[in-house]
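S.K.: sequence below, structure please.
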Amino acid sequence: MIKIIQITDIHLVPPGTELRRLDPERRFRDCLEQIESEHNDARAVVISGDLADNGDRPSYELLRDILADYRLPPVYLTLGNHDRRTTFSRVFPGALDARTGAAQAQIDFGSQQGLVLDTWIEGEHAGRLCERRLDWLAERLRLDPRPALLFMHHAPLRVALKRIDQIPLLSDNELWETLAPFRERIRHMFFGHMHRNVSGSWRGIPFTVLSGTTHHGMLDFQTELIRDTILDPFYAVILVDDRDIVVHFNQVRLHWDAATRGPGPTNATKLEKSEILA
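M.R.: So this is what the prediction gives:
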């Protein structure tokens, strides 16, 4: 069985600052410490956007430095509506696909493939996949016959939360036209952006939305703005075999106590830094 970790919406801010009375760095580190100890057997860690709250260089540099502190499976990064691709690329110069100029990647999971898509567009909180990025997706699906898992920030659907439904993936029809010829091989789609744990199906394709490591959105079908509440951070443990997919939402107790760790590497016994691939 393949294990994949999804993290999303870490919203890092420059060192020494806070976000909505939260410490995004501490919350992100709490997740990474547990992943390092308990899930080092995962095939990949996918961080699906909103890496920095304001798309600023100090926050991306902080992300780079944090990831270097942990012995993790290969890490794949993509962007969300709070990110800035140009600034991100200056800190992670190898993270953009040369053909599309976007933070997209194909992951080898053996009998499966993972496809990480970049839905960021300049000046918008909604998302869009341009023609180049959709062509990249179509080519990967055409050339590689393996079943696919898709990871991206924005979701191409509405969920009855008024503010979230104003800022979805706007190119939903274009995405469907790209995927439709390969529909039987699209096993699951994984999103962030909503700051809630949500699941369902989109045009018959199962999907999961992960809340993330910072603020959590309340279930409120009436209000035009997003109402936040503070919960401990979440990450997802995704288990995949040739028949089934299981997604566990793991809520990490803040300031996770090192005494509760099972066997596994600690900061004092790290052998190598994490490998950041996209």
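S.K.: C-alpha from now on. contacts and neighbour counts both.
M.R.: Noted.
S.K.: packing partners of the helix or strand hosting residue 142?
M.R.: Using DSSP states H and E, residue 142 falls within helix 131-143. Where contact means 3 or more Cα pairs under 8 Å, 6 or more residues apart in numbering; DSSP states H and E, helix 131-143 is packed against helix 172-179.
S.K.: what does the helix it packs on rub up against?
M.R.: Helix 172-179 has contacts (Cα atoms under 8 Å, 6 or more residues apart in numbering) with 129, 134, 137-138, 156-157, 186.
S.K.: turn the residues you listed into JSON lines, columns for distance to residue 18, pLDDT and neighbour count.
M.R.: Compiled in JSON lines, the contacts of helix 172-179 are given as follows (distance: Cα to Cα, whole Å; pLDDT from 0 to 100; neighbours: other Cα atoms under 10 Å):
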{"residue": "129", "distance to residue 18": "31", "pLDDT": "97", "neighbour count": "21"}
{"residue": "134", "distance to residue 18": "36", "pLDDT": "98", "neighbour count": "20"}
{"residue": "137", "distance to residue 18": "37", "pLDDT": "98", "neighbour count": "21"}
{"residue": "138", "distance to residue 18": "41", "pLDDT": "98", "neighbour count": "18"}
{"residue": "156", "distance to residue 18": "31", "pLDDT": "97", "neighbour count": "21"}
{"residue": "157", "distance to residue 18": "31", "pLDDT": "96", "neighbour count": "16"}
{"residue": "186", "distance to residue 18": "39", "pLDDT": "98", "neighbour count": "19"}
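S.K.: identify the farthest-apart pair in those.
M.R.: Farthest pair in these (Cα to Cα) is 138 and 157. Separation: 20.2 Å.
S.K.: contacting residues for residue 56?
M.R.: Neighbouring residues of residue 56 by Cα under 8 Å, 6+ apart: 83-84, 87-88.
S.K.: sorry, back to before: can I get the helix holding residue 142 as CSV, trimmed to CA atoms?
M.R.: Below are the C-alpha coordinates for helix 131-143, written out as CSV (Å, rounded to 0.1, in the frame of the first residue of the first chain):
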residue,chain,number,x,y,z
GLU,A,131,-3.9,26.3,-21.8
ARG,A,132,-0.2,25.4,-21.2
ARG,A,133,-0.9,23.8,-17.8
LEU,A,134,-3.9,21.9,-19.2
ASP,A,135,-1.8,20.7,-22.2
TRP,A,136,0.9,19.5,-19.7
LEU,A,137,-1.8,17.5,-17.8
ALA,A,138,-3.2,16.0,-21.0
GLU,A,139,0.2,15.0,-22.2
ARG,A,140,1.1,13.2,-18.9
LEU,A,141,-2.2,11.3,-19.0
ARG,A,142,-1.8,10.4,-22.7
LEU,A,143,1.8,9.2,-22.4
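S.K.: show me what counts as buried in it.
M.R.: Burial within helix 131-143, assessed by neighbour count using 16 or more other Cα atoms under 10 Å, is assigned to 133-134, 136-138, 140-141.
S.K.: next, the angle from it to helix 172-179.
M.R.: If you take axes from the mean of the first three to the mean of the last three Cα atoms, to 10 degrees, helix 131-143 sits at 30 degrees to helix 172-179.
S.K.: other residues contacting helix 131-143?
M.R.: With Cα under 8 Å, 6+ apart as the test, helix 131-143 has contacts from 100, 102, 106, 115, 117-118, 148, 174-175, 178-179, 182.
S.K.: tell me which helix or strand comes right after that helix.
M.R.: Defined by DSSP H and E, the subsequent element after helix 131-143 is strand 148-151.
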